[in-house]
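1. got a structure for you, letters missing:
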DNA sequence: CTTGATATGTAATATCATAACGTTTTGCGC
DNA sequence: GCGCAAAACGTTATGATATTACATATCAAG
């Protein structure tokens, strides 16, 4: 037994590299680039970008991590543990870098409606709002 | 007088570089990366990526070109000429590479509703569906 | 214990984007 | 026209992100 710090795995045991990558993403207060993650894990033995990208691929497949397309960066999923979720949206503050994950069933449904009407078979959905979070908007 | 081939400029005259970049995007049947555009314009005198990126920046500012975030690539806007438009969505076929631009007022409104409820001040919205277009889904 | 699938290590390379210069062109008031 | 400021341009170098290719190691099932 290897007593992991905690378990987000949906029953799927993470490897050491995967757990390390997920760990830094959970500790971070915003999205991290793959190369930032690499730098944070140098002292844990990481040497090459591919170690990060491979772990990220798996974590994304498990739904534990999301990629923010408009930032080329990654965040840990903050959904209640183990909750299956469909499409997710992000609000990205361009001032403080914070990312809020949210999910709107109505939006997802309407995009699905459009897809059905066009015969488009959707596999993944990207929804990202860029702007200012409440705190930064007030400060401005 | 330099007789441009045609005018999508909303009254804003495009420079030679901007017109060349817009031209290749309009002729393309799908998104092009900045470096693909560069290669297509070598014989027109383009030598460096920055020439492409600068033209793209301006064209995006004018709303004539969109960036597909999940592809790091660019498409010309296919809206009826001169039509002001808010947020736009894209359906990207992972098989044939085709991109369909569409706009759903209901989706835009609901995202705006979410933003207002959270005090988030949205400046830009990214909506991209990845999947298979009707033709490719049938062929599969 | 063998075997196949998954994960890993490492180097090299491909792809995407911008910084920092200086120069040229353009719009525009005079 | 002339002078000026803003915008666009050209060029080199560099930074940032991501993948290919190949060898090795680990794990889980029969």
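-> That came in fine, so what should we check first? Please read all numbers here as calculations on a predicted model, not as lab measurements.

2. need the residues of chain A near DNA strand C, please.
-> Selection of chain A residues close to DNA strand C by CB under 7 Å from any atom of the strand yields A:15-18, A:45-51, A:54-55, A:58. For the C-beta atoms, the positions are set from N, CA and C on the backbone; glycine is no exception.

3. neighbour-wise, which of those residues leads?
-> Among these, residue A:55 has the most neighbours (other CB atoms under 10 Å in any protein chain shown), with 25 neighbours.

4. Skipping adjacent residues, who's closest to it in space?
-> Leaving aside its sequence neighbours, residue A:55 sits nearest to residue A:21 (CB to CB, 6 or more residues apart in numbering or on different chains; 4.0 Å).

5. now for the helix or strand encompassing the one you found, which elements pack on it?
-> Using DSSP states H and E, residue A:21 sits in helix A:16-27. When contacts are defined as 3 or more CB pairs under 8 Å, 6 or more residues apart in numbering or on different chains; DSSP states H and E, helix A:16-27 packs onto helix A:34-40, helix A:49-61, strand A:65-68, strand A:73-76.

6. Adding mean pLDDT, write these out as JSON lines.
-> Shown next, in JSON lines, are those (pLDDT from 0 to 100):
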{"stretch": "helix A:34-40", "mean pLDDT": "98"}
{"stretch": "helix A:49-61", "mean pLDDT": "98"}
{"stretch": "strand A:65-68", "mean pLDDT": "98"}
{"stretch": "strand A:73-76", "mean pLDDT": "98"}
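
7. Mind checking the ones you listed for the one nearest to residue B:132?
-> Checking the helices and strands packed on helix A:16-27 against residue B:132 by CB to CB gives helix A:49-61 as the closest, at 19.3 Å.

8. any low-confidence regions in chain A?
-> A:1-11, A:80-85 (pLDDT under 70).

9. ok, now how distant is the nearest residue to residue A:105 once chain neighbours are set aside from chain B?
-> Leaving aside its sequence neighbours, residue A:105 sits nearest to residue A:86 (CB to CB, 6+ apart; 7.9 Å). Residue A:86 sits 13 Å away from chain B, going by CB to the nearest CB, to the nearest Å.

10. go on, residue A:127?
-> From residue A:127 to chain B the distance is 5 Å (CB to the nearest CB).

11. One more: residue A:27?
-> 24 Å.

12. Equivalent analysis for residue A:30, please.
-> In terms of CB to the nearest CB, residue A:30 sits 15 Å off from chain B.

13. Ok, residue A:136 next?
-> Distance from residue A:136 to chain B, by CB to the nearest CB: 8 Å.
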